[in-house]
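Enquirer: attaching a predicted model along with its sequence, questions to come.
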Amino acid sequence: MSNKPALEHVAIIMDGNGRWAKKRNLPRTAGHRQGIKATQAIIEACVQHEIKYLTLFAFSSENWNRPKSEISVLMDLFVESLQSEVDTLNEKGVCLRFLGHRPAFSNGLCKHVQQAEELTRTNSELVLSIAMGYGGRWDILQAVEHIVADVLDKRLAAEDIDEVLLENRLVTAGIPAPDLFIRTGGEKRISNFLLWQLAYTELYFSDVLWPDFNPQELEKAFENYRVRQRRFGLIQEQLV
Ligand code: IPE
Ligand code: IPE
Ligand code: MG
């Protein structure tokens, strides 16, 4: 029997687009455009590797504080990518989910997001979650708000609140915790990504800027993960 840890869910902070562009004397938005190309190749590679869940951090709740001009280009790029990619993803059997606080998005973007989710709902090759307008603190807070409302309305007893219940109110409900977290771009931080969900995830940091991150770099991360021993608090002798 193989003792390699199972790899079902990969979560990625796609960082470094701005620096990639700056190095080439291009506007930051050119980095975001190039970043989308890298994203397409990585999604394809995950399908090939039979990864079941891929979660990509595309825009954080804190990214709303960036210059308006950059946000506006990013939002246009999201709409453009959805328009051009959803049919191809659907044909590949990809189920799309969007994680994040939607009210701040334009009606147009919300419509594309909903249509993409509806079109791909029953697909099961790969569940691709795009975290947009997402923050880990926001996620936990919205879960708590829903739980409190249920308790006040007597749909739920306070003593029934446990980890599983809270987990099922997070926007990632139904998706197992990530096995492997990858952050590109050299920074070694979580930046308010999946705070609850990453509790026992294996972390991998790459100095490669996201637009340069390719399937070979992904393979390096997978190889690094395969030799890790996940103990979840146990001692080695307890592991089968
Ligand atoms: C990641 O790249 C993309 C988003 C956060 C939208 P950055 O835009 O953060 O690029 P750097 O980190 O400034 O290079
Ligand atoms: C994290 O990158 C968010 C995304 C990649 C979408 P940031 O560039 O926003 O993170 P910080 O500011 O370096 O922590
Ligand atoms: Mg960054």
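Expert: Nice, thanks for sending it over. Ligands and ions are numbered 1, 2, ... in the order given.

Enquirer: count the neighbours of the residue of the chain at minimum distance from ligand 1 for me.
Expert: The minimum distance from the chain to ligand 1, using Cβ to the nearest ligand atom, falls at Gly18 (2.8 Å). Just so you know, the C-beta spots here come from the backbone N, C-alpha and C atoms, and that holds for glycine as well. A count of nearby residues for Gly18, using other Cβ atoms under 10 Å, gives 21.

Enquirer: quick check on it: phi, psi?
Expert: When read as degrees, to the nearest 10, the backbone of Gly18 gives phi -60, psi -40.

Enquirer: distance of Val171 from Pro27?
Expert: 32 Å (Cβ to Cβ, to the nearest Å).

Enquirer: with Lys4 instead?
Expert: In terms of Cβ to Cβ, Lys4 sits 43 Å off from Pro27.

Enquirer: more neighbours, the two?
Expert: Legend: neighbour count by other Cβ under 10 Å for Lys4 and Pro27, higher for Pro27 (15 against 10).

Enquirer: for Val54, helix, strand, or coil?
Expert: Careful, residue 54 is Leu and not Val. strand (DSSP: H, G, I helix; E, B strand; the rest coil).

Enquirer: who's in contact with it?
Expert: His9, Val10, Ala11, Ile12, Ile42, Ile43, Cys46, Leu126, Val127, Leu128, Ser129 (Cβ atoms under 8 Å, 6 or more residues apart in numbering).

Enquirer: in this structure, which helix is the longest?
Expert: helix 68-91 (DSSP state H).

Enquirer: what is that one packed up against?
Expert: Under the contact criterion of 3 or more Cβ pairs under 8 Å, 6 or more residues apart in numbering; DSSP states H and E, helix 68-91 touches helix 28-48, strand 53-60, helix 107-120.

Enquirer: got a pLDDT number for the nearest residue to the residue of the chain closest to ligand 1 once chain neighbours are set aside?
Expert: Among residues not flanking Gly18 along the chain, Arg28 sits closest, at 4.2 Å (Cβ to Cβ, 6 or more residues apart in numbering). If you check Arg28, the pLDDT there is 98.

Enquirer: if we can go back for a sec, out of the helices and strands packed on helix 68-91, which one sits most buried?
Expert: Counting by mean count of other Cβ atoms under 10 Å, strand 53-60 has the highest mean neighbour count of those, with a mean of 22.

Enquirer: where does the protein have low pLDDT?
Expert: Residues of the chain that meet the criterion pLDDT under 70 lie in 1-2.

Enquirer: quick check: residues of the protein near ligand 2?
Expert: Applying Cβ under 6 Å from any ligand atom, we find that the chain lies next to ligand 2 at Ile13, Met14, Asp15, Phe57, Ala58, Phe59, Ser60, Asn63, Glu187, Arg189, Ser191.

Enquirer: need those in JSON lines with distance to ligand 1, can you?
Expert: Shown next, in JSON lines, are the residues of the chain next to ligand 2 (distance: Cβ to the nearest ligand atom, whole Å):
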{"residue": "Ile13", "distance to ligand 1": "8"}
{"residue": "Met14", "distance to ligand 1": "6"}
{"residue": "Asp15", "distance to ligand 1": "5"}
{"residue": "Phe57", "distance to ligand 1": "8"}
{"residue": "Ala58", "distance to ligand 1": "6"}
{"residue": "Phe59", "distance to ligand 1": "5"}
{"residue": "Ser60", "distance to ligand 1": "7"}
{"residue": "Asn63", "distance to ligand 1": "5"}
{"residue": "Glu187", "distance to ligand 1": "7"}
{"residue": "Arg189", "distance to ligand 1": "11"}
{"residue": "Ser191", "distance to ligand 1": "9"}
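
Enquirer: lovely, talk soon.
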